[in-house]
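**Q** predicted model follows, preceded by the sequence.
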Amino acid sequence: VKEGAPKCPTPATPCAEDPDQALCRYRHMIDFFEVDGSLSVGPVYARHLAHRMYRGEYFAMQVDSHVRMTEHWDDSAIEQWESGKNEMAVIAAYPSDLIGSIDPETHKSNHPGRPIMCMSDFEGYGAKKHLRHGQQPEGVPTVHGLMFEPYWAAGFSFARGHFVVQVPYDQFLPMVFQGEEINIGMRGFTYGYDYYTMEHSVCFHMYAVRENKAKRKNVKLFWENSNNFNGVEAKAMKRLNGIIGMVREQDKNDFYHEDEQKYGLGKLRTPEKFYRTFGIHLNTQTVEHHLCSFVGKPMKEVLSPALRENRMGLDYSKITYEFVDPKKGRP
C-alpha cells in the first residue's frame, strides 16, 4: 500500500449509499493484511502471509490480481471439484484473457476453451536457473469434467483447505517471481495432491493486452524495491530449487535450511517419480517437449485406474508410465 492509496476493503461507493456492494454485504467475511509498499518483496512472501490467515475454511482458493469472476463462480468451482471424486484434487490454471470472456449482462462465461498446465522448460543460469511454466495452450474440452494436468499454477488454484496447511508458501523466498510454481507443485505432488484443469472456467485475467494494456502498465510492481534488497533473489532461488532437490548433485546442500521440514517435500511420493513420469531430466536440466500431447485422453487413460477407491488421490506405485517426446527434434 502506497501513501494516500485507499484501504484494501474500501468500496467504490460508500456503503451508506449502496449497501448491496459485495464489499459492504460481505465485509464481515473479509480479512486483509496491509503492508507498506516500500516493504513489498514479491508474491511468494505475500501469499505466505495470506496462508497464515487460513482459519480452517473447507476450501482454499488463490487467484492473481486483476481477475474477474463469473456469476455463481463458487457453486461452479465446488461442483466441478466434487466431480473429480478425489479429496486430493487441486484445480489449477493460468486464467484465460478477460476480453470478451464474460457476458456484461449475465456475467456468465462466453469462453468455450479451457487452459491446460503442460508447458515448462528450464530458464536462467547459475543459482537462478529453474523450471518455469510458459504460455499455456487452451482449447475446447475433449474430456468432459475435470481433466488431469502435470503442473500446478499460481494464477488460479482451488482445493480443500488442507492443501495450504500441508503445502504452505515458504516465507524465506523474498524477491522471487519465477519458480514458485514448480516449488509448490512439486511439494504438493510429494504430499499426494493431484492437479486438474476445469472444464468451465470461473474467472478470467485482465492481461496487459489490447484495451487493457494501458491500465496494467500503470500498476506498481515490487521490483521497484530491488535496490533495497540486493542479492536476496539469488539466495532465495538457491533455496527454492534446493529444498525440492531440483539442483545438481554438487549443489544439494548449498542453500538456507531454516524450517526445511515445514516448507519441504512430503513423504508419500518422491520427486524422482514426478520427473520420470513427466519427462524432466535434472542431470542435463532439460525436459521432454510436447508434453501437452499427453494431456487429455491419453493422460486420463494412464492415471484414472490408479485413483484410490477411498478418494485419497492417485496411487503412483501403480503408474509406470514415463513420458518421452513423440516429436523429438521437431518444433
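**A** The structure has been received and is ready for your questions.
**Q** does residue 157 count as helix, strand or coil?
**A** Following DSSP: H, G, I helix; E, B strand; the rest coil, the label given to residue 157 is strand.
**Q** where do the strands sit along the chain?
**A** 59-63, 67-69, 89-93, 114-115, 120-123, 130-133, 138-139, 147-148, 156-160, 194-197, 203-205, 280-281, 286-287 (DSSP state E).
**Q** those strands: which one's closest to residue 325?
**A** Each of those has some distance to residue 325 by CB to CB; the shortest is strand 286-287, at 8.6 Å. To be clear about C-beta, it is placed using only N, CA and C from the backbone, and glycine gets the same treatment.
**Q** ok, and what's touching the closest one?
**A** 120, 121, 122, 131, 279, 280, 281 (CB atoms under 8 Å, 6 or more residues apart in numbering).
**Q** ok, residue 327 - how many residues close by?
**A** Residues lying near residue 327 (other CB atoms under 10 Å) number 9.
**Q** can you check residue 195 too?
**A** 24.
**Q** also residue 177?
**A** Counted with other CB under 10 Å, residue 177 comes out at 12.
**Q** ok, the closest residue to it other than its chain neighbours - contacts?
**A** Closest residue in space to residue 177, ignoring its immediate chain neighbours: residue 42 at 5.9 Å, by CB to CB, 6 or more residues apart in numbering. Listed by CB under 8 Å, 6+ apart, the contact set of residue 42 reads 173, 174, 175, 176, 177, 222.
**Q** of the contacts of strand 286-287, buried ones?
**A** 120, 122, 131, 279, 280 (16 or more other CB atoms under 10 Å).
**Q** ok, which pair from those is furthest apart?
**A** Greatest spacing in the buried ones among the contacts of strand 286-287, by CB to CB: 122 and 279 (12.4 Å).
**Q** measure the closest residue in space to residue 188 that isn't next to it in sequence to residue 122 for me?
**A** Leaving aside its chain neighbours, residue 188 sits nearest to residue 167 (4.8 Å; criterion: CB to CB, 6+ apart). Using CB to CB, to the nearest Å, residue 167 is found at 22 Å from residue 122.
**Q** do a quick rundown of the helices in the chain.
**A** 22-25, 43-52, 73-83, 162-166, 180-190, 213-217, 232-242, 271-278, 297-303 (DSSP state H).
**Q** what does the fourth one contact?
**A** Pointing back at helix 162-166 there. Residues outside helix 162-166 that contact it (CB under 8 Å, 6+ apart) are 51, 54, 60, 90, 157, 188, 191, 193, 266.
**Q** the third one: neighbouring residues, count only.
**A** I take that to be residue 60. 18.
**Q** got a list of what it touches?
**A** Taking CB under 8 Å, 6+ apart as the test, what residue 60 contacts is 54, 157, 158, 159, 160, 161, 163, 164.
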